[in-house]
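In: Generate a structure from the sequence data that follows.
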Amino acid sequence: MRCYPVVNFQSMKALRCGLTLVRHGETQYNKEGLLQGQAIDSPLSETGLQQAEAAGRYLKDVKFSNVFVSDMLRAQQTAKTIMKRNSSCSGLQMMSDPLLKEKSFGIAEGGRVQDLKEMAKAAGQSFPGFTPPNGETQEQVKERVKEFMEKMLQHIGDEHWHRRGEDETSLSAVAETSPVEGKPDDGVRGVPVHALVVTHGAYMCVAVRYFVEELHCSLPPGSDKAHMFSLSPNTGLCRFILTLSKEDDRFKLSEIRCVFVHRGDHVKL
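Out: Model prediction:
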């Protein structure tokens, strides 16, 4: 008879947390190929409302413990629609945060995306890394991503640190990565803490690149970085698994793993 050591999960010094990023639904500006950025706070189009409803139906049985959202209207409408459909969100408070705003495109806001691409080409730079006059640089957006991540980690740690060990498969010595089966709860089955973050396309591009290039996020087998760093579709989903540790009363990210990026199955349902 083979014996296994008894593991006291409550003594574990780590907490595993799911993070699902969602891009807002379509607006009329998206439909017409126009830039919104920060100056234009447009609502969802009829198609965008349908996409948000579809995302809500897709995620309806996925358990969330926290919801963070950009303070812009299109993201707020998307988050509220998802929460309305979700069985675990009835008692949750949606936390609005300007750190999740879309990238500012400066003088290009309100104009065509194609015009911005031509501005970038004329300047000898690539899109979307190009910064038009009065716009935010990629580095400035990345600093907002870093600030939000730090803020979120402290909030989640303060609220949920006592729950470490509830997900026994995450911290055991023989833990295996959950299979990705194309299901809404891929990667977060049994995970006790799961944050829903509703934000914007260009912001998500910067966030994913930061996770991969600077936080050394582990990627799914066969991942293509060109796809990883591409623009997510409206209400596209990206999911990561974070492992938090605690040092001197501060919570730190000790590991990050990507489950999937830019999933849009729900829009096709």
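
In: Give me the buried stretch members for the host helix or strand of Met152, please.
Out: Element membership for Met152 (DSSP states H and E) is helix 138-160. By neighbour count with 16 or more other Cβ atoms under 10 Å, helix 138-160 contains the buried residues 138, 141-142, 144-145, 148-149, 152-153, 156-157, 160. (Each C-beta comes from the backbone N, C-alpha and C, glycine too.)

In: ok, and the helix or strand in the protein with the lowest average confidence?
Out: Each helix and strand of the chain was given a mean pLDDT (mean pLDDT, DSSP states H and E); the minimum falls on helix 168-171 at a mean of 48.

In: after that one, next one along is what?
Out: Helix 168-171 is succeeded, C-terminally, by strand 193-199 (DSSP H and E).

In: picking that back up, of the buried residues of helix 138-160, closest to Ser65?
Out: The nearest member of the buried residues of helix 138-160 to Ser65, counting by Cβ to Cβ, is His160 at 6.5 Å.

In: Ignoring the adjacent residues along the chain, who's closest to that closest one?
Out: Val193 (4.6 Å; Cβ to Cβ, 6 or more residues apart in numbering).

In: what sits against Gly56?
Out: 81-86 (Cβ atoms under 8 Å, 6 or more residues apart in numbering).

In: now swap in Glu181 and tell me
Out: Glu181 neighbours (Cβ under 8 Å, 6+ apart): none.

In: ok, it to Asp265 distance?
Out: Distance, Glu181 to Asp265, by Cβ to Cβ, to the nearest Å: 12 Å.

In: Same question for Gln28.
Out: Counting by Cβ to Cβ, the gap from Gln28 to Asp265 is 25 Å.

In: List only buried entries from the contacts of Gly56.
Out: Looks like the contacts of Gly56 have 81-83, 85-86 buried, using 16+ other Cβ under 10 Å.

In: before we move on, the earlier item: now pLDDT and distance to Arg23 too, for the buried residues of helix 138-160, in CSV please.
Out: Shown next, in CSV, are these (pLDDT from 0 to 100; distance: Cβ to Cβ, whole Å):
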residue, pLDDT, distance to Arg23
Gln138, 94, 18
Val141, 97, 15
Lys142, 98, 18
Arg144, 98, 16
Val145, 98, 14
Phe148, 98, 15
Met149, 98, 18
Met152, 98, 18
Leu153, 98, 22
Ile156, 97, 22
Gly157, 96, 26
His160, 95, 25
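
In: Tell me the one among the residues you listed nearest to Met72.
Out: Arg144 (13.3 Å).

In: unless I'm mixing things up, the closest one is touching Leu99, no?
Out: Yes - the pair Arg144 / Leu99 is scored as a contact, 5.0 Å apart, by Cβ atoms under 8 Å.

In: in the stretch 51-200 of the chain, which ranges drop under the pLDDT threshold?
Out: 167-179 (pLDDT under 70).

In: Could you report the neighbour count for Gly182?
Out: 9 (other Cβ atoms under 10 Å).

In: Please verify my assumption that it contacts Asp265.
Out: Yes - the criterion here is Cβ under 8 Å, and Gly182 meets it with Asp265 at 6.9 Å.

In: List the buried residues of the one helix or strand Tyr210 maps to.
Out: Secondary structure assignment for Tyr210, by DSSP H and E: helix 201-213. Neighbour counts over helix 201-213 (16+ other Cβ under 10 Å) mark 201-212 as buried.

In: and the nearest residue to Tyr58 once chain neighbours are set aside, which of the three is it?
Out: The shortest distance from Tyr58 to any non-neighbouring residue, by Cβ to Cβ, 6+ apart, is to His266 (3.4 Å). On the three-state scheme (DSSP: H, G, I helix; E, B strand; the rest coil), His266 is labelled helix.

In: roughly how far apart are His266 and Leu59?
Out: 8 Å.

In: Of the two, give the one with the bigger neighbour count.
Out: Leu59 (25 against 19).

In: Do I have it right that that one meets Arg85?
Out: Yes - in terms of Cβ under 8 Å, Leu59 counts as a neighbour of Arg85; the distance is 7.2 Å.

In: what about the helices in the protein?
Out: 28-31, 46-58, 73-85, 113-122, 138-160, 168-171, 201-213, 225-228, 265-268 (DSSP state H).

In: Thank you kindly, that will do.
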